[in-house]
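**Student:** Predicted model follows, preceded by the sequence.
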Amino acid sequence: MTARPFPTGTILGYPRIGRRRELKRAVESFWAGRIDAAELEATAAGLRSATRERLAELGLGRADSAIPESFSYYDQVLDAAVAVGAIPARFERLRGADGGVDLAGYFTIARGEGDDAPLEMTKWFDSNYHYLVPEISPTTRFELHAERIVAEFVEARDAGFLTRPVVVGPITFLLLAKAADDAPAGFRPIDRLDELVPVYAQLLAELAAAGAEWVQLDEPALVSESIDEPRARVIAAIAAAYDVLGAADDRPAIFVAAPYGSLGDALPALAAAPVEAIGLDLVRGSLPDALDDLDPATAESLAAKTLVAGVVDGHNIWRGDLAAAFARVEAVQSLSGSVAVSTSTSLLHVPHDVDDESKLDPRLVSWLAFADQKVAQVAALARGLAEGRGAIAETLDAASVALADRAGAPGVRVPSVRERLAVLQPTDFSRADYDERLLAQDSLDLPELPTTTIGSFPQTGEIRRARAGLVGGTITADAYDGLMRDEIERVIRLQEDLGLDVLVHGEPERNDMVQYFAELLDGFAVTEHGWVQSYGSRCTRPSILWGDVSRPAPMTVAWAEYAQSLTGQHVKGMLTGPVTILAWSFVRDDLPLGDTARQVALALRDEIADLEAAGIRIIQVDEPALRELLPLKLADQPAYLDWSVGSFRLATAGAASATQVHTHLCYSEFGVIIDAIKNLDADVTSIEAARSRMEVVDDLATSGFDHGIGPGVYDIHSPRVPSIDEVTTLLERAVREIPANRLWVNPDCGLKTRGYDETVASLGHIIAATRAVRASL
Ligand code: GLN
Ligand code: ZN
């Protein structure tokens, strides 16, 4: 086949949730039965059409395959699973007459139904996006059902666009899949590659027949070191898949994109494969890495391909150093005569358009690039590639001026913050010995198996309305304060009535556990429309961490103090830890994350001192994201664990021995981070355990973890109320493994997404079960 040239500028993918989250609303309306499938499809078609128009307006070609067809109703991995017919056995019933599933069935696989659990969800490489994990068994029947992929291409074609379909590639699809429960031991989904590839070949043929000239197959699994498969096997899969796909005559040209890192030793194999274009992530990955040991054969094969230089960062929201990006594109030209410009990853990870932000400081805005600004950057670099650097000199210079302005702007580098960091001593990271603390904390006078909650109580409609009223200016700050105080009092009385031992204030004043702090710390900005898809219809609105972080005033003390004034029992102070604050924000790219984490830690350390001064004796610092930020590359993990654990210790080590420091982690699979969790040196660690029936308790017991621990006994992800017996069984299992004097009793996580009825019933059962187990000790 003779390929049409690859477009000079493109992006790997674009946000699909809509500028005003139109897709979220439509999908959720469809789930609630308020609109039918046709109406949802019409909304989705409107969004796709608006995206194409917008991308063309921003400078991508209408007729040269530059615009990616990267829409998804829920998730691109689920799309691929459905397109190749990889439906788990429990959802077989969803297949229609032609063997495919319709939109309702697609969502059922994503969300589950009755006793049929949905596909599991897990993090997509090193992003905050979560994909659905396909389940593959030796008998999974691969069969093409790609109507939607073809229809979206045709829809574009009919509207006058020649677009480029984007599909998760076959290797990544299988490497991200898990063996179905009924698969024999030792079975690996990648064992099925040879049977899956012909289905992809058929998909390519259908796309070619519809007129597609290029197709993009996303193969990020080729760059990842965290894929649990021997590297040699991953590399061997490249020839196994792409020799077959490339051999067909009736296919579009193939662009294999490898975002989220360096291809490394997979590059020679991909270079040798009969594909026409290779996408390199030159932001996370680096060219020299690959170049250094390029053998002549690889160099020769690469020279015959289009190299798509991913130089515009798809992962962050900074305008960045455009001149350096252009230099990187020029460097790639030494490898091949055919070079194109692209983003390093899909733009899925950034919000739509910084121009939608009317309330941000214009100076900050000039340093930012959201998806639309990144597309414009790609278009400019592509023009420079075609017409020479001179043609875009002004654009490059303007970006450099903004970068220099950012470097020198007030707040970006704050001398007092830097100085405080510079003089830190090892002792600032350590508390007294645990035994000494235990003695000092005796005065807390806690019962055996103390009961507590993780912090938040249900966020009722009333609370949300009050907050909306405060933001919208329809209620005064004083009135809002009064409403929150009323709520705190209700929550305190409820906990007293239920008989909980350590109380919380309930967190009614927090819109979000990170944004709440971002709004009160210097160095952060908050957006109005900066939503990014987290999974399915769920979006988050990360804050922008742009400068040195400091705390202008106490953030939580007044609420905690008020709550404590209402009761004779201990009220836990409640803070979000430095790692989680970073993980759920857009972080700066001009300072090592560890330094930023220590800045946040110092702000929290001051907050803890103020909480202590206000009479709070127990303080919880939540770090649910500790595991989430763990780097993909094994080699990078020790450094990460060093600064992340260090920042938690720095935040908490100023606490007096008599102050009990708690932490909370939202998962039960500790694996590689178990030592890190020990190193946090919290007095008490609460974790998720109910969902996994306390399995984690064994892991902890055998790991030598010897501080307080609160394995969750109530799965707060479901409205189900656990019975007293059920909780008793869980607790009995826990006391067998963990000495009763170290065991706490609590739910898996915060209660903010639950309703009051089930919360009250569940907490009542937890307390009854605890009393029964205490009596048997
Ligand atoms: N304290 C927070 C809450 O209870 C913790 C939330 C979390 O771990 N994600 O909501
Ligand atoms: Zn949690």
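**Tutor:** Okay, I see it. Residues are numbered from 1 along each chain as shown. Ligands and ions are numbered 1, 2, ... in the order given.

**Student:** before we move on, what SS does residue 646 have?
**Tutor:** helix (DSSP: H, G, I helix; E, B strand; the rest coil).

**Student:** if I look at it, how far off is residue 27?
**Tutor:** 41 Å (CB to CB, to the nearest Å). C-betas here are computed from N, CA, C, even on glycine.

**Student:** any low-confidence regions in this protein?
**Tutor:** Along the chain, segments meeting pLDDT under 70 span 1-2, 224-226, 288-293.

**Student:** which residue is nearest the centroid of it?
**Tutor:** Taking CA atoms, centre = their mean as the criterion, residue 128 is the residue nearest the geometric centre of the chain, at 1.4 Å.

**Student:** in terms of contact, does it touch residue 584 like I think?
**Tutor:** Yes - counting by CB atoms under 8 Å, residue 128 touches residue 584, with 7.3 Å between them.

**Student:** hey, what's in contact with both of the two?
**Tutor:** With contacts defined as CB atoms under 8 Å, 6 or more residues apart in numbering, the residues shared by residue 128 and residue 584 are 540, 542.

**Student:** can you list the residues of the protein near ligand 2?
**Tutor:** Applying CB under 5 Å from the ion, we find that the chain lies next to ligand 2 at 624, 666, 749.

**Student:** Show the backbone phi and psi for the closest residue to residue 182 other than its chain neighbours.
**Tutor:** Distances taken as CB to CB, 6 or more residues apart in numbering place residue 137 nearest to residue 182, at 5.8 Å, with adjacent residues excluded. Backbone geometry at residue 137, expressed as degrees, to the nearest 10, gives phi -130, psi 170.

**Student:** if I read this right, residue 137 contacts residue 187, doesn't it?
**Tutor:** Yes - counting by CB under 8 Å, residue 187 is a contact partner of residue 137 at 7.1 Å.

**Student:** higher neighbour count, those two?
**Tutor:** Neighbour totals were compared for residue 137 and residue 187, and residue 137 leads with 19 against 15 (other CB atoms under 10 Å).

**Student:** ok, now how distant is the more buried one from residue 609?
**Tutor:** When residue 137 is compared with residue 609 (using CB to CB), they lie 56 Å apart.

**Student:** joint contacts of residue 137 and residue 187?
**Tutor:** With CB under 8 Å, 6+ apart, residue 137 and residue 187 have common neighbours residue 179.

**Student:** so which residue of the chain comes closest to ligand 1?
**Tutor:** Here the residue of the chain nearest ligand 1 is residue 750; by CB to the nearest ligand atom that distance is 2.1 Å.

**Student:** Just give the closest residue to that residue, not the sequence neighbours.
**Tutor:** Nearest to residue 750 is residue 456, by CB to CB, 6+ apart, at 3.6 Å.

**Student:** What's the local residue count around the one you found?
**Tutor:** Residue 456 sits with 22 neighbouring residues when counted by other CB under 10 Å.

**Student:** mind giving me the domain split of the protein?
**Tutor:** With domains defined by the TED database, the chain comprises 9-408, 455-687.

**Student:** Give me the distance from the shortest one to the chain's centre.
**Tutor:** In other words, domain 455-687. Domain 455-687 has its C-alpha centroid displaced from the chain centroid by 18 Å (CA atoms, centre = their mean, to the nearest Å).

**Student:** Ok, the first one next?
**Tutor:** Distance of domain 9-408 from its chain centroid, counting by CA atoms, centre = their mean, is 17 Å.

**Student:** Just confirm yes or no for it near ligand 1.
**Tutor:** No - judged by CB under 6 Å from any ligand atom, domain 9-408 stays clear of ligand 1, getting no closer than 13.5 Å.

**Student:** can you give me the end-to-end distance of that domain?
**Tutor:** End-to-end distance for domain 9-408, by CA to CA, to the nearest Å: 32 Å.

**Student:** Stretch 268-287 now?
**Tutor:** End-to-end for stretch 268-287, by CA to CA: 13 Å.

**Student:** same thing with stretch 156-165?
**Tutor:** 10 Å.

**Student:** List of residues touching that stretch?
**Tutor:** Against stretch 156-165 from outside (CB under 8 Å, 6+ apart): 10, 48-49, 52, 56, 62-69, 149, 152-153, 207, 210-216, 252, 255.

**Student:** Quick check: buried residues in that stretch?
**Tutor:** For stretch 156-165, the neighbour count (16 or more other CB atoms under 10 Å) marks 156, 161-165 as buried.

**Student:** Spatially, which two of these are the most separated?
**Tutor:** Greatest spatial distance in the buried residues of stretch 156-165: 161 and 165, 11.9 Å, computed using CB to CB.

**Student:** Helices along the stretch 601-750 of the chain, start to end?
**Tutor:** 637-652, 674-680, 695-703, 724-737 (DSSP state H, counting those that start in this stretch).
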